[in-house]
Structures are given as C-alpha cells and as structure tokens.
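K.L.:
What follows is a predicted protein model with its sequence.
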Amino acid sequence: MRVLGSFAPVLFLLIATSVEVSGDALIRKSLFDHTGLARIGLFAAGAALLAGYGTFLNLAPLEFGKVVGLYIATLFIVWQIITFFAFRTLPTVPVMLGGTLIVAGGLIVSFWKSA
C-alpha cells in the first residue's frame, strides 16, 4: 500500500499536465483553426480543462515549492507528447537539449535534500 501512496503525487501531476497541455492545445486550435460555434465550443472546453489543471495541481499531496519543480519537468515531457499528436511536430535538437535541462532542474528542485 505504501508504493501506491508514493505514486499519488506523480499521478496528480500527470493528470494536471495532461489536462493543461490539452486545454492549451484546444484553445490554440479554436483561435487559429475554427470559427463560429466551433471556436466558442473549443475555447470553452479548453478553459474548462485549464481550470481542471489548476485543481489537480493543487490537490497533489506535495509541498507547493516541491510540486512546482516536478510539475515543470512533467509538463515539458507531456507538452512534447501532446504537441506531436495534436500538431504533428517533433521536438528539435535545441528543444530536446533545453528540455533535458528543464527535467534535470525540476528533479533537483523536487528531490534534493538539504542538510
């Protein structure tokens, strides 16, 4: 049961990042690819997803200062996945290099134990 408890923060962060990036993608699609009622509907769905992101991020059972580091690392990874599926764009070498630094920094912020 202890193992399940340690996955809870990661699960909340995966949900939060997935919902945030999906909401951002819907809003982008609504603004640039649609008009009329489709634009309004997609924009409203994106806004609802962004509200869900804020909820899941703040429900994560972690100290807020630590959750942000892990969140940023998770966000980068999920952002690349959603970008590929929603916009058919592969990350470039600079994005991957910068992303490696983002993930490393997020892990340091979240897991480095000070004396």
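P.N.:
In hand now; what should we look at?
K.L.:
Lowest-scoring secondary structure element of this protein by mean pLDDT?
P.N.:
The helix or strand of the chain with the poorest confidence is helix 2-33; it has a mean of 83 (mean pLDDT, DSSP states H and E).
K.L.:
Excluding chain neighbours, what is closest to the residue sitting nearest the centre point of the chain?
P.N.:
Taking CA atoms, centre = their mean as the criterion, residue 17 is the residue nearest the geometric centre of the chain, at 2.2 Å. With CB to CB, 6 or more residues apart in numbering as the criterion, residue 17 has its nearest non-adjacent residue at 4.1 Å, and that residue is residue 78. (Each C-beta comes from the backbone N, C-alpha and C, glycine too.)
K.L.:
what do you get for residue 80?
P.N.:
Ranked by CB to CB, 6+ apart and with sequence neighbours excluded, the top spatial neighbour of residue 80 is residue 91, at 5.1 Å.
K.L.:
That neighbour against residue 82, yeah?
P.N.:
No. Contact between residue 91 and residue 82 fails when scored by CB atoms under 8 Å: they sit 11.7 Å apart.
K.L.:
mind checking how far the closest residue to residue 14 other than its chain neighbours is from residue 34?
P.N.:
Nearest-residue entry for residue 14: residue 74, 6.4 Å, with adjacent residues in sequence omitted and distances by CB to CB, 6+ apart. Counting by CB to CB, to the nearest Å, the separation of residue 74 from residue 34 is 29 Å.
K.L.:
Neighbour count for these two, which is higher?
P.N.:
The residue with the greater number of neighbours, taking residue 74 and residue 34 and applying other CB atoms under 10 Å, is residue 74; the counts read 21 against 15.
K.L.:
tell me which element the more buried one is part of?
P.N.:
Counting by DSSP states H and E, the element that carries residue 74 is helix 64-87.
K.L.:
List the buried residues in that helix.
P.N.:
Judged by neighbour count using 16 or more other CB atoms under 10 Å, the buried positions of helix 64-87 are 66-80, 82-83.
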